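In: Have a look at this prediction, sequence included:
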Amino acid sequence: MTPYQGYHALARVYDKLNAELDYSAWADFIEDCFARFLPEKPQYVLDLACGTARMALELAARGYDMIGVDGSADMLAEAYARGAFGAGILLLHQDMRAFELYGTVGAVVCCLDSLNYLLTREDLLSCLRLVHNYLDPDGVFLFDVNTPFKFEQIYGNNAYVLEDELTFDGGEEGEERAAVYCGWQNAYDPESRICEFSLSVFEEDADGRYRREDEIQHERCYSLDELRECLAEAGFDFLGVWQDFSFTPPSPTAERWYIGARAKK
């Protein structure tokens, strides 16, 4: 099994380029799911593919004992810099297809289409079986994926550019700001249902010049039927699928599915 190598170029600027994400509202939704599907509030929660730990930090602030697992050392370094260690979050550098915990947890969350990075059904099943193994009986797994509509109509073979400013410590002169750009070209193969993202990140240095880093990422499109079959094979009951934080049933043009499952043991 090849270790995950992605997010080297994106880690430092990831949160800035996703500044529009409302983690508080997302955490509200997660807690609404806990209230709906669990008999009591879980004590231990795993944030699988936790990235820079934005969600883990949000949930830790609400009183949960958090564990964060991620395959990218660069993203975990950003999580550490954000104060995840000081917030009591246990960070583990592990692949989501082969992670190990010290015990079980009451819930697992996996945010921002992380399961789409599992490119084969076998990899997806490996991950789901481990999630099931480390969940308490009747524990819940909450995750989201990009939909077929998004892969076919939004990603496709389109190109995009994101632009923002990066704030950093300028030493004695205080905070300084520098421009950051991320451009990517998509290439979606409808037969394999894998989308390749060719990414280029440009960061402005203090002298006005730009540093460039490139990387390639891949995501796979899964149908809802495939996800339900894999969840069942891994030992889960399917709880529901929604297109937003208000538990709205998904429309044909939904770009993201939010899914809940319960571990049968």
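Out: That came through, no problem.
In: just the helices in the stretch 151-265 of the chain please.
Out: For the stretch 151-265 of the chain, the helices defined by DSSP state H, counting those that start in this stretch cover 224-233.
In: Excluding chain neighbours, what is closest to Glu100?
Out: Once flanking residues are discounted, Glu100 sits nearest to Gln94: 6.8 Å by C-beta to C-beta, 6 or more residues apart in numbering. (Glycine included, C-beta is placed from N, CA and C.)
In: you'd agree the one you found is up against Gly71?
Out: Yes: if you go by C-beta atoms under 8 Å, Gln94 and Gly71 touch, sitting 6.8 Å apart.
In: isn't Ala140 right next to Leu239, touching?
Out: Residue 140: Val, not Ala. Yes: judged on C-beta under 8 Å, Val140 makes contact with Leu239 at a distance of 7.1 Å.
In: how about Ser198, what does it touch?
Out: Trp184, Gln185, Asn186, Ala187, Asp214, Ile216 (C-beta atoms under 8 Å, 6 or more residues apart in numbering).
In: For it, list each beta-bridge partner.
Out: Gln185, Ile216 (DSSP bridges).
In: Mind pulling the model confidence for it?
Out: Model confidence at Ser198, given as pLDDT, is 93.
In: Please report how far Asn158 lies from Lys150.
Out: When distance is defined by C-beta to C-beta, to the nearest Å, Asn158 is 11 Å away from Lys150.
In: Might you report the residue contacts of Leu59?
Out: Ala27, Ile30, Val45, Asp47, Met66, Val109.
In: Filter those down to just the ones in helices.
Out: Members of these lying in helices (criterion: DSSP state H): Ala27, Ile30.
In: Could you report the separation of Arg121 from Arg220?
Out: 9 Å.
In: and those two? which has more neighbours close in?
Out: Using other C-beta atoms under 10 Å, the more surrounded residue of Arg121 and Arg220 is Arg220, with 22 against 14.
In: Isn't that one up against Ser114?
Out: No: at 11.9 Å, Arg220 does not count as touching Ser114 under the criterion of C-beta under 8 Å.
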